[in-house]
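1. no sequence for this one, just the structure:
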DNA sequence: TGAAATGTTGGGGCG
DNA sequence: ACGCCCCAACATTTC
């Protein structure tokens, strides 16, 4: 007999309720403990075909297999698993790895090792919930109730089921949600990392991590390796570093992609290498946040609010599971999206001709990450300037981000497209030139990621097509050759977007109203 | 967690 | 001295 911990994205020792619960169960019953992780997307090479969904349907999801992970996420997962495996080895444990349908694997292990108790931590993702349900049913059928399944809440700080507005409903706007959260904050007691674990069963045969084939076939990951340290140790380092160096100025520096003013904790959080509770606790321990919260500094307050945005994303997906790949506001299913694969490809490759957009897209491709300010800019560009379905953008982010997270990704894209909860008003169109000048005033960010433009002076770097010919010549470039001319004209694209979005609202744009009135 | 258009104000140049 | 125009600079409204 034994206890089985089915770990999801909770790849840490410290403050891990699922791990603690499973370890306690095994210890108190004097049973061995199996720690398992199942990579549930067995066919990563199969190309996801993208078809425009007209109705809300789980086109991208698959109940038994989960979502196919993108290459960047797979890379991160490999290293995160390697790090976690090392941690449990040091405690005399083994990480049981498998790939494929989780329910099948789990049932097989239950039979082989006489498992009496399964503990699992799952996420807010619909396929996670479906898998837990399927497992529950399968275990009941198999054992007639002899095997217990226990679930532990996902890696969020807040109790997502216990936050309601005054009408008892679900919040659909962030700020009142946040206000309410401040009145019912959970505790910041964190569980220490275990110093010992019950041993695995005799004869447990664990597959090697390499067999999961998570690493890329072609070695494109050299930049990634310089940029990131996946795993619990890396997550702790990042946190300590950020809180000591950057949190104080976070409220202004977070908007500067040319600086390192953000925490870059998103991938660590996604894979559960750190819990949001640990982050809040670390803020308190570092003296950045009084507990209970009182008169926080601007920097600490804004960072705390960002962590709460992540909670809000989980909350929204938990309560509105269809918003993973379908718009929260159903009328957006009727939106006249433009289908233009060539334009989409230029956006993906960072060849739009708008330097701040291209810098962001290339940063994403190289590092698996993009600065949040720039994410908003490139998203607005795809959705408003190019009028493409936001799901094209969400899918590309899903494939390329190391922090690809269903809840946050969907929330962010739906915010940009104006079709989600607390969405940006339809008329909010980012001007990529102004945004560049505001948030990358010297052009350093553009220079780093768009080397063709490196020699352009700051005055022109965000609109090279306006530069005098002599300046372009001195910078050693020809527009349309070394660097593309802008693929759309900003004022024109803006007007077209406004017209399309206004139509969706059921009201004609202002000039059309005037025309019809005159007629 | 916008941007552009439109409106208002006030100082200075100038006849 | 005065009115007029121009136009920053800022505020408000609109998309």
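-> Perfect, thanks for sending it. On a predicted model such as this, the values are computed, not experimentally measured, just so you know.

2. for residue A:124, give its distance to residue A:315.
-> Counting by CB to CB, to the nearest Å, the gap from residue A:124 to residue A:315 is 8 Å. (Glycine included, C-beta is placed from N, CA and C.)

3. these two: who's more crowded?
-> residue A:315 (26 against 23; other CB atoms under 10 Å).

4. that's a helix at the more buried one, yeah?
-> Yes: counting by DSSP: H, G, I helix; E, B strand; the rest coil, one finds residue A:315 located in a helix.

5. tell me how far the nearest residue to it once chain neighbours are set aside lies from residue A:279.
-> In space, and not counting its chain neighbours, residue A:315 is closest to residue A:160: 4.9 Å by CB to CB, 6 or more residues apart in numbering. Distance of residue A:160 to residue A:279, given as CB to CB: 17 Å.

6. same question, residue A:231
-> 16 Å.

7. how about residue A:151?
-> For residue A:151, the distance to residue A:279 - CB to CB - is 23 Å.

8. ok, now residue A:258?
-> 25 Å.

9. same check, this time on residue A:239
-> For residue A:239 relative to residue A:279 (CB to CB), the value is 6 Å.

10. who's more crowded, these two?
-> A side-by-side neighbour count of residue A:239 and residue A:279, using other CB under 10 Å, places residue A:279 first with 25 against 21.

11. and the more buried one, what element?
-> helix A:276-285 (DSSP states H and E).

12. show me what that helix is in contact with.
-> Taking contacts as CB atoms under 8 Å, 6 or more residues apart in numbering, the residues outside helix A:276-285 that touch it are A:14-15, A:155-157, A:186, A:188-190, A:239-240, A:243, A:247, A:265, A:269, A:289-291, A:300, A:303-304, A:307, A:310-311.

13. and the most centrally placed residue in chain A, backbone torsions?
-> Chain A has residue A:405 as the residue nearest its centroid, 3.0 Å off, counting by CA atoms, centre = their mean. Backbone torsions of residue A:405, given as degrees, to the nearest 10, read phi -140, psi 120.

14. not counting sequence-adjacent ones, nearest residue to it?
-> Per CB to CB, 6+ apart, closest to residue A:405 is residue A:270, 4.6 Å.

15. I'd say that neighbour and residue A:8 touch.
-> No: contact criterion CB atoms under 8 Å: residue A:270 and residue A:8 do not qualify, at 11.1 Å.

16. phi, psi for residue A:256 please.
-> phi -110, psi 100.

17. residues in contact with it?
-> A:373, A:439, A:440.

18. helix or strand: which one has the closest residue to the last one other than its chain neighbours?
-> So that's residue A:440. In this structure, residue A:440 finds its nearest non-sequential neighbour in residue A:258, 5.0 Å apart by CB to CB, 6+ apart. Here residue A:258 sits in a region with no helix or strand, counting by DSSP H and E.

19. can you check residue A:119 too?
-> strand A:115-121.

20. buried residues, the next helix or strand after that strand. List them.
-> The first helix or strand that comes after strand A:115-121 along the chain, using DSSP H and E, is helix A:126-143. Neighbour-count burial for helix A:126-143 flags A:126, A:127, A:128, A:129, A:130, A:131, A:132, A:134, A:135, A:136, A:138, A:139 (criterion: 16 or more other CB atoms under 10 Å).

21. one more: stretch A:331-338?
-> A:332, A:335, A:337.

22. for the closest residue to DNA strand C within the stretch 301-450 of chain A, give me the pLDDT.
-> Using CB to the nearest atom of the strand, the single residue of the stretch 301-450 of chain A nearest to DNA strand C is residue A:427, 3.9 Å away. With respect to pLDDT, residue A:427 has a value of 90.

23. for the residue nearest to the centre of chain A, what are its contacts?
-> A:266, A:269, A:270, A:313.

24. if I look at it, how far off is residue A:160?
-> For residue A:405, the distance to residue A:160 - CB to CB - is 15 Å.

25. ranges for the strands of the stretch 51-200 of chain A?
-> Secondary structure of the stretch 51-200 of chain A (DSSP state E, counting those that start in this stretch): strands located at A:95-99, A:115-121, A:148-152.

26. tell me the mean pLDDT for the first one?
-> Throughout strand A:95-99, pLDDT has a mean value of 96.

27. check the last one too.
-> When the per-residue pLDDT values of strand A:148-152 are averaged, the result is 97.

28. also the longest one?
-> On average, the pLDDT along strand A:115-121 is 97.

29. low-confidence stretches in the stretch 301-450 of chain A?
-> Across the stretch 301-450 of chain A, not a single residue meets the criterion (pLDDT under 70).

30. if we use 90, what do you get?
-> Low-confidence segments of the stretch 301-450 of chain A, defined by pLDDT under 90, span residues A:331, A:333-336, A:422-426.

31. for the stretch 1-150 of chain A, same thing?
-> In the stretch 1-150 of chain A (pLDDT under 90), the answer is A:40-71, A:122.

32. ranges for the helices of the stretch 1-150 of chain A?
-> Taking DSSP state H, counting those that start in this stretch as the test, the helices found in the stretch 1-150 of chain A are A:17-28, A:71-90, A:102-113, A:126-143.

33. okay if I get the ones you listed as CSV plus distance to DNA strand B?
-> CSV is the format used below for these (distance: least, CB to the nearest atom of the strand, whole Å):
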stretch, distance to DNA strand B
helix A:17-28, 27
helix A:71-90, 22
helix A:102-113, 33
helix A:126-143, 23
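
34. I'd like these as JSON lines, with distance to residue A:365 appended.
-> Listed next are the helices of the stretch 1-150 of chain A as JSON lines, based on distance: least, CB to CB, whole Å:
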{"stretch": "helix A:17-28", "distance to residue A:365": "34"}
{"stretch": "helix A:71-90", "distance to residue A:365": "9"}
{"stretch": "helix A:102-113", "distance to residue A:365": "31"}
{"stretch": "helix A:126-143", "distance to residue A:365": "27"}
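
35. rewinding a little: quick one, the strand holding residue A:119 and helix A:102-113 angle?
-> 150 degrees (axes from the mean of the first three to the mean of the last three CA atoms, to 10 degrees).

36. quick one: strands adjacent to strand A:115-121?
-> When pairing is defined by DSSP bridges, strand A:115-121 lines up against strand A:2-7 (parallel), strand A:148-152 (parallel).

37. please consider this matter closed, and thank you.
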